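Student: build the 3D model from these lines:
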Amino acid sequence: MKSAYELAMERLQQEEPDSKPLSEETKQQLAEVDEKFDAKVAEREIFLNQQLASAQSKGEFEEVEAIRKQISGEKARLDEEREAAKDKIRNA
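Tutor: Now for the predicted structure:
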């Protein structure tokens, strides 16, 4: 008896058959994109965490909340950019 997950994966396979396997060069390019965006995320986190610590020490709670939202937004934006760059490589 198959699980719901296995059945769903079979349906997905029927709707969208596997695309061609990725070449080693493509895999390397995708890894480079990941490294680049991991560095960007880390850079933004360091910068914003410094601002967050400063705002917390001053007791500026509204600014703390704004910085936390900014951190979340920056991560989401960079993840979207990462996926767009990876899709561009996959579809090339």
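Student: now do the helix or strand Q29 falls within, average pLDDT.
Tutor: Of the helices and strands defined by DSSP states H and E, Q29 is found in helix 24-58. For helix 24-58, the mean pLDDT works out to 94.
Student: gap between it and the chain center?
Tutor: 10 Å (C-alpha atoms, centre = their mean, to the nearest Å).
Student: next SSE after it?
Tutor: Moving toward the C-terminus from helix 24-58, the first helix or strand encountered (DSSP H and E) is helix 61-90.
Student: give me the angle between that next one and helix 24-58.
Tutor: In this structure, helix 61-90 runs at an angle of 180 degrees to helix 24-58, with axes from the mean of the first three to the mean of the last three C-alpha atoms, to 10 degrees as the basis.
Student: and helix 61-90, what does it pack against?
Tutor: Helix 61-90 makes packing contacts with helix 24-58 when contacts are defined by 3 or more C-beta pairs under 8 Å, 6 or more residues apart in numbering; DSSP states H and E. Yep, even glycine has a C-beta here, placed from its N, CA and C like the rest.
Student: check which residues of the helix it packs on are buried.
Tutor: Within helix 24-58, the residues that qualify as buried are 29-30, 33, 37, 41, 44, 48, 52, 55, counting by 16 or more other C-beta atoms under 10 Å.
Student: for stretch 66-77, same thing?
Tutor: Within stretch 66-77, the residues scored as buried using 16+ other C-beta under 10 Å are 67, 71, 74.
Student: contacting residues around the residue sitting nearest the centre point of the chain?
Tutor: For the chain, the residue whose C-alpha lies nearest the mean C-alpha position (C-alpha atoms, centre = their mean) is D79; its distance is 3.0 Å. With contact set as C-beta atoms under 8 Å, 6 or more residues apart in numbering, D79 has these partners: F37.
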